[in-house]
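In: Sequence plus predicted model, see below.
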Amino acid sequence: MPAPVRRKLLFLCLSISASALVLAGSATGSVGAPPAESPNARGIQDIYWVLVGVAGVIFVLVEGALLLFVIRYRNRGRPRDVEGPQVRGHTRLELIWTAIPVLILVGIMAVVFYKLPGIKDVPAAGAAGPKLTVHVEGRQFYWRYTYPNGAVSIDELVAPAQRPVELIVTAPARDVIHSWWVPPLAGKIDAIPGKVNHTWFEADHPAVYQGQCAEFCGIQHALMLTRVRIVPATEYASWVTRQLHISADIGRQTFLGACGPCHGPEGKGLIGPPLQGNATLASRARLFVLLEHGKRAMPPVGKDWSQRELNDLAAYVQKEFASGG
């Protein structure tokens, strides 16, 4: 291959590699992790940046050495059937390139094990009070949060600022695997039927943080979103007390989480049929059978619901859609 052609080919390869890096960065928005708003999220972010830094240094060294050797040991007019100078049996060099990766891995492990307790262990208390425990259930197609006083919310977790919140995460026995993930607050944690997992966060200040299911859990997975609303401690205390008695709101939330992804948030149909005037909604008994057993493509979304959840949802859908108006 003539020298000018080889140079053009090398330039083309380098251009394609650089373009791929730029496109990858633009696709993710940034090479950085999202802003961390909780101590355990900051621990995860610290490990992330260590890995990015180590990977970046290795990339530069390897690619730099590759380019150096390509240029240093290029053909230079030598006939194609003649081998260049050969180097064999460099024991010291072989030991070095074996030892360096081992040392890099040991260093990464040291950082991870140093940060792990701060990521995993839940503090007993924070500036605003003792640890709060919330039960989280991943269900097709929504997140159900149960608070210590028995209050329930759907798809939105409300929690006090500057107070550790432990999440006990699971899924009903007949459901599928989900994964709770609100990046600024904590790492991903799987919601597995029959298994209990734990994670936690302690938000720094009032704000709203968006999250999602990070495990492909079937049809309409992309709509299985959640959010965490952090409020002052006094506001949380009054909210969780009120939430215990707001049946109509629970019915609406349950509809939006369990039914809306298929039937549409206004019941006008999406991948499921429209609900306005549907005869099944007129009878609570038939509606309960449908929710608990499913029908054709519809899964039994209400299989493990309490009677209160069934009643709250029935009251909401009958008020909104059963009239046919």
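Out: Cool, the structure landed. Residues are numbered from 1 along each chain as shown.

In: For I96, what is the enclosing helix or strand?
Out: helix 91-120 (DSSP states H and E).

In: Next secondary structure element downstream of that helix?
Out: Next along from helix 91-120, by DSSP H and E: strand 125-126.

In: what's whichever helix or strand comes after that next one packed up against?
Out: Counting by DSSP H and E, the next helix or strand C-terminal to strand 125-126 is strand 129-130. With contacts taken as 3 or more CB pairs under 8 Å, 6 or more residues apart in numbering; DSSP states H and E, strand 129-130 sits against no other helix or strand. All C-beta atoms are positioned from the backbone trio N, CA, C, and that covers glycine.

In: what's the burial count for R286?
Out: When neighbours are defined as other CB atoms under 10 Å, R286 has 12 of them.

In: What sits closest to it if chain neighbours are left out?
Out: Once flanking residues are discounted, R286 sits nearest to T280: 5.1 Å by CB to CB, 6 or more residues apart in numbering.

In: A strand includes P300, no?
Out: No - with DSSP: H, G, I helix; E, B strand; the rest coil as the criterion, P300 is assigned coil and is not in a strand.

In: Would you check that A33 makes contact with G43?
Out: No - using CB atoms under 8 Å, A33 is not in contact with G43; the gap is 11.4 Å.

In: Comparing the two, which residue is more hemmed in?
Out: Legend: neighbour count by other CB under 10 Å for A33 and G43, higher for G43 (20 against 17).

In: next one: phi and psi at the more buried one?
Out: Per-residue torsions, G43: phi -60, psi -40 (degrees, to the nearest 10).

In: How about the contacts made by it?
Out: Listed by CB atoms under 8 Å, 6 or more residues apart in numbering, the contact set of G43 reads 115-116, 118-119.

In: The same query, at a cut-off of 6 Å, please.
Out: By CB atoms under 6 Å, 6 or more residues apart in numbering, the contact set of G43 is 115, 118-119.

In: now, which of those sits nearest D81?
Out: Of all these, K115 has the smallest distance to D81: 55.9 Å, by CB to CB.

In: so how many other residues sit close to G251?
Out: Using other CB under 10 Å, G251 has 24 other residues around it.

In: So it is in contact with A315, correct?
Out: Yes - the criterion here is CB atoms under 6 Å, and G251 meets it with A315 at 5.4 Å.

In: hang on, the earlier thing: the contacts of G43, buried ones only, as a ChimeraX selection?
Out: To isolate the buried ones among the contacts of G43 in ChimeraX, judged by 16 or more other CB atoms under 10 Å, type:
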select :115,119
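
In: what would the contacts of G43 look like in TSV with pLDDT and distance to I177?
Out: As requested, those are exported to TSV (pLDDT from 0 to 100; distance: CB to CB, whole Å):
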residue	pLDDT	distance to I177
K115	91	26
G118	88	27
I119	86	22
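
In: Can you name the residues that contact the residue nearest the centre of the chain?
Out: With distances taken as CA atoms, centre = their mean, W181 lies nearest the centre of the chain, 3.3 Å away. Taking CB under 6 Å, 6+ apart as the criterion, W181 is in contact with 188, 211, 214.

In: Keep only those of the residues you listed that are in strands.
Out: G211 (DSSP state E).

In: In JSON lines, list the contacts of W181 along with distance to L290 and neighbour count.
Out: Formatted as JSON lines, the contacts of W181 follow (distance: CB to CB, whole Å; neighbours: other CB atoms under 10 Å):
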{"residue": "K188", "distance to L290": "33", "neighbour count": "16"}
{"residue": "G211", "distance to L290": "29", "neighbour count": "21"}
{"residue": "A214", "distance to L290": "30", "neighbour count": "18"}
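
In: quick one: which of the contacts of W181 is nearest G294?
Out: A214 (25.3 Å).

In: residues in contact with E166?
Out: By CB under 6 Å, 6+ apart, the neighbours of E166 are 122, 131, 133, 200.

In: What is the neighbour count of the first one?
Out: Looking back up the chat, that one is V122. Using other CB under 10 Å, V122 is surrounded by 16 other residues.
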